[in-house]
Structure formats: C-alpha cells, structure tokens
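Peer 1: what would the 3D arrangement of this be:
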Amino acid sequence: MLLVSWPMHEQWDNPLVNRRVVGALVVSAPILFVGSYGLALWQRATHDLALLIALIALGMCLGAAAAIHAMGARAIYAFGAVAAAASIAAALFGR
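Peer 2: Presented below is the predicted three-dimensional model:
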C-alpha cells in the first residue's frame with residue numbers, strides 16, 4: 001500500500017510502460033549531465049564541484065532507471081528512501 005496516490009503507479013506494472021520510462025531516462029541522462037555541468041559552471045562553481053554535481057545528477061537519473069527496471073511499481077519505495085536519506089543528510093551536514 002502506497003502512502004501517496006500517483007496515477008503512474010498502477011501503470012508501472014505494465015512492461016511496455018516500464019520500458020518506455022526507462023528508455024526515456026537513459027536517453028535523457030547525458031543531456032542532464034551536460035546541463036547540470038553547464039549550470040554549475042554558470043553559477044561560478046569550480047570545475048571539480050561542477051563535475052561532482054553533474055555526476056550526482058547522472059547517477060540519480062540512471063539509478064531511477066535501474067530501480068524502475070528492476071522493481072517496477074515498487075520503485076516508489078526506493079525513491080522515498082533516497083529522498084528521506086537526502087533530507088537527513090541535508091539536515092545533518094547543511095549549513
């Protein structure tokens with residue numbers, strides 16, 4: 001049972017929808033990497049930090065694709081766990 005209501009949740013059990021969503025994420029991953037890197041540089045980040053930001057964005061995009069591919073509709077639980085971990089890390093290590 002999900003705590004949130006999301007219309008795509010029911011459709012993710014459909015293999016065709018899974019394939020399309022994963023394909024879209026994999027195709028958009030390089031665009032996300034370049035865009036994140038460019039945006040970080042535009043905001044005057046160093047090249048090392050811009051690369052780190054872009055790699056994190058790329059990892060999250062490909063991780064979402066892998067979770068949807070492996071777990072289908074249950075991937076929403078993985079996304080919730082990552083969001084909770086990121087919130088805790090931001091609260092602990094944020095300034």
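
Peer 1: so, low pLDDT: which residues of this protein?
Peer 2: Along the chain, the model assigns pLDDT under 70 to residues 1-12, 95.

Peer 1: now do the helices in it.
Peer 2: For the chain, the helices defined by DSSP state H cover 7-11, 15-42, 47-71, 75-93.

Peer 1: can you put these in CSV and add mean neighbour count?
Peer 2: Glycine gets a C-beta too; all of them are placed from N, C-alpha and C. Shown next, in CSV, are these (neighbours: other C-beta atoms under 10 Å):
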stretch, mean neighbour count
helix 7-11, 11
helix 15-42, 14
helix 47-71, 16
helix 75-93, 12
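
Peer 1: just the CA trace of stretch 33-51, in CSV.
Peer 2: Taking C-alpha atoms only, stretch 33-51 is exported to CSV below (Å, rounded to 0.1, in the frame of the first residue of the first chain):
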residue,chain,number,x,y,z
PHE,A,33,24.8,15.6,-17.2
VAL,A,34,25.8,18.3,-19.7
GLY,A,35,23.0,20.6,-18.4
SER,A,36,24.0,20.2,-14.8
TYR,A,37,27.6,20.7,-15.5
GLY,A,38,27.0,23.8,-17.5
LEU,A,39,24.6,25.2,-15.0
ALA,A,40,27.0,24.7,-12.2
LEU,A,41,29.8,26.4,-14.1
TRP,A,42,27.4,29.3,-15.0
GLN,A,43,26.8,29.7,-11.2
ARG,A,44,30.6,30.0,-10.8
ALA,A,45,31.3,26.6,-9.3
THR,A,46,34.8,25.2,-9.8
HIS,A,47,35.3,22.6,-12.4
ASP,A,48,35.7,19.9,-9.8
LEU,A,49,32.5,20.8,-8.0
ALA,A,50,30.6,21.2,-11.3
LEU,A,51,31.8,17.7,-12.3
